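*Asks:* Provided below for reference: sequence and predicted model.
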Amino acid sequence: MSSTTVRPPASNLSLVTAFSGVSNDLLNRSGLTPRRLLLIDDEPDICFLVQSALGEFEGWHVATCSDPDTLVFGVTPPWDVILLEVSMTRLAGFALVPALRTNPATSHIPIVLLTSQLMPRDYARFRQMAVDGVIAKPFDPLTLGRQIAALLGWPAAAKATY
């Protein structure tokens, strides 16, 4: 049985886990298991927005990390997807994708890129990196979960009460 090893970051805002009790109650009564997403982004406002939107509107459990150096990928929690900002200031998401893909603990986890710097020429690079999808910033928080689910071929969420 594997366990999670995540070294605590220097800042309290760097690694946070959010759970939406109301959304999870609805999912648990329906017999569905909430999705688990790891967001790696160095913008605290984006982390809060994604965490709040996916927790409230989709009932997902969202862990956020603003410094990939604080993550230890030897053993991972059972994340369903990693949402990765491509252009972080400390470490480019482009450099992190190969590390995630070659690590046995994370190689099976779908990676969706989140970026504000999306150019037509980037799509070829994304295909070479074998990412599972790309979401451009700005994004709509109300539809973010459905957008991720559609990229990954997941069935529609049971909770859609806006």
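*Replies:* Now that the structure is in, tell me what you want to look at. Numbers count the residues shown, from 1 in each chain.

*Asks:* For the chain, which segments are assigned as helices?
*Replies:* 21-30, 44-53, 93-102, 122-129, 144-152 (DSSP state H).

*Asks:* Show me what residue 114 is bridged to.
*Replies:* Beta-bridge partners recorded for residue 114 (DSSP bridges): residue 85, residue 135.

*Asks:* and it, what is it in contact with?
*Replies:* 39, 41, 46, 83-86, 134-135, 137, 139 (CB atoms under 8 Å, 6 or more residues apart in numbering). Yep, even glycine has a C-beta here, placed from its N, CA and C like the rest.

*Asks:* If any of the residues you listed are buried, give me the PyMOL selection for them.
*Replies:* Under the burial definition 16 or more other CB atoms under 10 Å, those of those that qualify are selected in PyMOL by:
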select buried, resi 39+41+46+83+84+85+86+134+135+139
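
*Asks:* In this structure residue 37 contacts residue 60, no?
*Replies:* Yes: counting by CB atoms under 8 Å, residue 60 is a contact partner of residue 37 at 5.6 Å.

*Asks:* Overlap of the contact sets of the two?
*Replies:* residue 54.

*Asks:* which one of the helices of the chain has the lowest average pLDDT?
*Replies:* Among the helices of the chain, helix 21-30 carries the lowest mean pLDDT, at a mean of 41.

*Asks:* Kindly reformat the helices of the chain as TSV containing distance to residue 108.
*Replies:* Shown next, in TSV, are the helices of the chain (distance: least, CB to CB, whole Å):
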stretch	distance to residue 108
helix 21-30	23
helix 44-53	22
helix 93-102	10
helix 122-129	16
helix 144-152	13
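
*Asks:* wait, which of the contacts of residue 114 is closest to residue 106?
*Replies:* residue 84 (11.1 Å; CB to CB).

*Asks:* Let me know whether that closest one touches residue 113 as I believe.
*Replies:* Yes: assessed by CB under 8 Å, residue 84 is found in contact with residue 113 at 5.6 Å.

*Asks:* Lowest-confidence entry in the contacts of residue 114?
*Replies:* residue 86 (81).

*Asks:* so that one touches residue 94, yeah?
*Replies:* Yes: using CB under 8 Å, residue 86 is in contact with residue 94, at 6.2 Å.

*Asks:* circling back: need the contacts of residue 114 in JSON lines with distance to residue 149, can you?
*Replies:* Below are the contacts of residue 114 laid out as JSON lines (distance: CB to CB, whole Å):
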{"residue": "39", "distance to residue 149": "15"}
{"residue": "41", "distance to residue 149": "19"}
{"residue": "46", "distance to residue 149": "19"}
{"residue": "83", "distance to residue 149": "12"}
{"residue": "84", "distance to residue 149": "17"}
{"residue": "85", "distance to residue 149": "19"}
{"residue": "86", "distance to residue 149": "21"}
{"residue": "134", "distance to residue 149": "15"}
{"residue": "135", "distance to residue 149": "12"}
{"residue": "137", "distance to residue 149": "19"}
{"residue": "139", "distance to residue 149": "14"}
